[in-house]
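Peer 1: dropping the sequence and predicted coords here.
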Amino acid sequence: MERGVFAQLFVTFGIISLMAIGGATAVVPEVHRQMVDVLSWMDAPTFARLFAIAQTAPGPNVMIASILGWHVAGTPGLLVATAAFMLPSSLLALACSRGLQRFSGNRMVQVTTLALVPIALGLMLASGIVAALAADAGLVGFAITAATMVVTYRSKVNPLVPMALGTVAYVALWSVGLA
């Protein structure tokens, strides 16, 4: 494996980690753009499959960086991407938490922290849209995605239930040629 790949993984995930307001899921559109469009390390369906694995596996959402790094460059790529995704944002979070402790009474700091909420939510919504489009599951897939989203939002049922039902529905429709 060429050293340039590891450097590119480190730079790409290091920069993206600094934009992860709202967590790893919030930067999925940029990760997708880098992995698929800019660096051409995979196609959109591969990205969607790896993203789905990262989301269904137990553990933190940052696992997306690990899985993508592994796909690109094996175990060393996994280690580089994970470290690059965690280190810069962790250092920034540490610095910000100390600043928040020191300036917590400042009105500008309070307004800024409130302003980050809609930004984080918008980034997470964009991540869902990018993942749905990258999956390329067609109209049936989009309908099941929308139904799963509505049921999850409107009811108090565990989100795993509509996810499982949506998966079963898609597999059933696919097996008879309707998806």
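Peer 2: Okay, I see it.

Peer 1: burial of residue 57, as a residue count?
Peer 2: Other residues lying near residue 57 total 12 when counted by other C-beta atoms under 10 Å. (Glycine included, C-beta is placed from N, CA and C.)

Peer 1: got the contact list for it?
Peer 2: Residues in contact with residue 57, defined by C-beta atoms under 8 Å, 6 or more residues apart in numbering, are residue 63.

Peer 1: now the residue nearest the centre of the chain, what's its secondary structure?
Peer 2: Centrality entry for the chain: nearest residue to the mean C-alpha point is residue 25, 3.0 Å, by C-alpha atoms, centre = their mean. Three-state secondary structure (criterion: DSSP: H, G, I helix; E, B strand; the rest coil) places residue 25 in helix.

Peer 1: relative to residue 111, how far out is it?
Peer 2: Counting by C-beta to C-beta, to the nearest Å, the gap between residue 25 and residue 111 amounts to 25 Å.

Peer 1: now swap in residue 50 and tell me
Peer 2: Where residue 111 is concerned, residue 50 sits at a distance of 38 Å (C-beta to C-beta).

Peer 1: same question for residue 61.
Peer 2: Applying C-beta to C-beta to residue 61 and residue 111 gives a distance of 27 Å.

Peer 1: ok, the two, which is more surrounded?
Peer 2: Using other C-beta under 10 Å, the more surrounded residue of residue 61 and residue 111 is residue 61, with 17 against 9.

Peer 1: list the contacts of that one.
Peer 2: The contact partners of residue 61, by C-beta under 8 Å, 6+ apart, come to 23, 24, 25, 54, 55.

Peer 1: again with residue 23
Peer 2: With contact taken as C-beta under 8 Å, 6+ apart, residue 23 is in contact with 61, 120, 124.
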